[in-house]
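**Q** Build me a model:
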Amino acid sequence: MRPHHRAAVTAQTREPPVSPPSAIRPIGVLRAGPPNPLGRLLPSAWSDRTGLPARLRTNPRDAALAGAALAAMAVERFQSADALRTGLPAALVFSAVAAGALAVRRSLPLAGYLVGSAALSAEALFVLPSAVSPYANLVGLYSLGLHGTRRRAWLGPFAALLGMAAYFADLARTYPAVPAIPAGVLFLWLLGWAVGYGTARRAEEREAARRRLRQQVVAEERARLARELHDLVGHTLNVVLVQAGAARRLLDREPERTRELLSGMEHSGREALDDLDRVLGLLRRGAEVPGGPALQPGLADLDRLTGRLEQAGLLVSVRVDPGARRVPRSLDVSAYRIVQEALTNTVKHARARAVSVTVRCAGGSLDIEVSDDGRGAEAGYTPGRGLLGITERVSMLGGSVEHERGERGGFRLRAVLPIP
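**A** Below is the predicted model:
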């Protein structure tokens with residue numbers, strides 16, 4: 001075992017030269033902005049330019065709703081000023097707190113509802129029950145179910161029950177024989193909370209479904225690109241290796257044949273680079289690949305595919321039904337990739353001398369069969385990435401695939417793809 005040497009780097013630190021006082025000139029003056037009154041209490045990341053915490057910044061629509069509720073409460077309080085027990089100023093303060101809680105119904109739904117419920121209960125106990133404040137409380141409870149987290153939203157019904165008990169405590173003598181009124185009001189409040197809670201949970205389920213769909217699409221796209229790269233790189237490298245081996249054996253005896261093999265290797269490499277550039281271009285967001293789908297090979301390119309194998313000494317027989325050349329483009333590309341991967345496995349594993357490719361249309365399906373005369377697969381073999389890629393490609397098209405040892409030795413692969 002070779003020892004592993006790690007080079008040690010010694011950093012030398014030197015004191016920077018000190019300029020004389022006469023050489024130091026001011027290059028600018030930094031002016032500090034207005035002091036933040038909450039800067040000592042809140043981290044700078046929690047506040048904006050107004051000095052308010054980020055959680056307290058309200059939605060303009062919520063602010064407008066709170067202002068409208070406060071205006072309605074103030075009008076109602078001025079009309080019933082003579083009946084108030086603690087005077088108009090205290091009543092307006094409770095109204096302002098109950099209405100102001102609506103301004104944070106999205107950012108702080110639980111805190112806003114608890115503050116609004118406390119103001120509503122105090123108003124009913126010490127001032128006079130209002131005819132407008134309960135509706136603001138109902139909106140707050142609905143907002144808690146809609147905007148609160150699951151755990152915090154479930155505190156809403158219990159807080160509503162306590163708030164109702166405090167609100168109707170002083171009104172018990174007003175409705176001594178009608179206990180259904182508090183029960184009906186509580187039911188209405190809980191119904192409002194349930195509507196908000198159910199809406200929020202359905203929105204979460206839709207978002208989760210969209211997220212799963214995005215993950216599935218990304219996974220499928222990654223698998224597709226992996227198959228493309230495997231088919232492209234694996235096939236080309238195997239063909240080039242076979243051509244290189246044949247060229248090495250024929251270098252001294254048949255220089256002209258060796259020159260043809262080297263030329264084929266160069267041509268295969270250039271084609272592989274073009275295809276690789278196309279596939280990698282798909283990985284770039286919004287990248288436009290020159291030629292687009294036209295660069296995808298099809299059954300018409302089988303002769304060019306098998307020609308490179310024949311240069312390496314493999315006898316390839318191709319029979320394509322004329323009707324198979326008129327299938328949809330997606331099916332045409334998939335059929336080519338299946339044949340390409342099957343031939344790659346033949347070159348890589350079979351040590352075959354001859355291989356036959358048959359593509360025909362039968363019964364509304366495209367039948368693809370590739371068989372060779374090689375050594376075949378061992379009993380109980382496990383499919384590798386190539387066969388798994390073919391299986392995935394065929395299953396996406398709703399077809400079937402089978403692979404086994406041939407009747408006379410070798411290996412046989414058959415894929416049936418339905419024609420839409």
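**Q** Check this structure for its longest helix and report it.
**A** If you go by DSSP state H, the chain has its longest helix at helix 180-229.
**Q** who are the neighbours of the following helix or strand past it, in terms of helices and strands?
**A** Of the helices and strands lying after helix 180-229 in sequence (DSSP states H and E), the nearest is helix 235-250. Contacting helix 235-250 under the criterion 3 or more Cβ pairs under 8 Å, 6 or more residues apart in numbering; DSSP states H and E are the following elements: helix 255-282, helix 302-311, helix 329-345. Backbone N, C-alpha and C define where each C-beta goes, glycine included.
**Q** returning to what we had before: run the angle between the longest helix of the chain and helix 255-282 for me.
**A** Angle of helix 180-229 versus helix 255-282, following axes from the mean of the first three to the mean of the last three Cα atoms, to 10 degrees, is 160 degrees.
**Q** tell me the mean pLDDT for helix 180-229?
**A** Mean pLDDT, helix 180-229: 84.
**Q** tell me how far it is from the chain's mean position?
**A** The chain centre lies 15 Å from the centre of helix 180-229; the measure is Cα atoms, centre = their mean, to the nearest Å.
**Q** That one to helix 329-345, inter-axis angle?
**A** Between helix 180-229 and helix 329-345, the angle formed by their directions is 50 degrees, by the same axes, to 10 degrees.
**Q** tell me which strands and helices helix 180-229 is in contact with?
**A** Counting by 3+ Cβ pairs under 8 Å, 6+ apart, the elements that helix 180-229 packs against turn out to be helix 133-147, helix 150-153, helix 155-169, helix 255-282, helix 385-396.
**Q** in the shortest one, what counts as buried?
**A** Of the residues in helix 150-153, those buried by neighbour count under the rule 16 or more other Cβ atoms under 10 Å are residue 153.
**Q** Also stretch 344-364?
**A** Taking 16+ other Cβ under 10 Å as the basis for neighbour counts, the residues of stretch 344-364 that come out buried are 344-350, 352, 355-359, 361.
**Q** Make TSV out of the residues you listed and add secondary structure, pLDDT and distance to residue 395.
**A** Putting the buried residues of stretch 344-364 into TSV (DSSP: H, G, I helix; E, B strand; the rest coil; pLDDT from 0 to 100; distance: Cβ to Cβ, whole Å) gives the following:
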residue	secondary structure	pLDDT	distance to residue 395
344	helix	79	20
345	helix	79	18
346	helix	80	22
347	helix	76	25
348	helix	76	23
349	helix	75	23
350	helix	70	24
352	coil	79	27
355	strand	89	24
356	strand	90	25
357	strand	91	21
358	strand	91	22
359	strand	92	19
361	strand	88	21
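**Q** Need the residues you listed in JSON lines (columns: distance to residue 203).
**A** As requested, those are arranged in JSON lines below (distance: Cβ to Cβ, whole Å):
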{"residue": "344", "distance to residue 203": "48"}
{"residue": "345", "distance to residue 203": "49"}
{"residue": "346", "distance to residue 203": "54"}
{"residue": "347", "distance to residue 203": "54"}
{"residue": "348", "distance to residue 203": "52"}
{"residue": "349", "distance to residue 203": "53"}
{"residue": "350", "distance to residue 203": "56"}
{"residue": "352", "distance to residue 203": "59"}
{"residue": "355", "distance to residue 203": "57"}
{"residue": "356", "distance to residue 203": "58"}
{"residue": "357", "distance to residue 203": "53"}
{"residue": "358", "distance to residue 203": "54"}
{"residue": "359", "distance to residue 203": "50"}
{"residue": "361", "distance to residue 203": "49"}
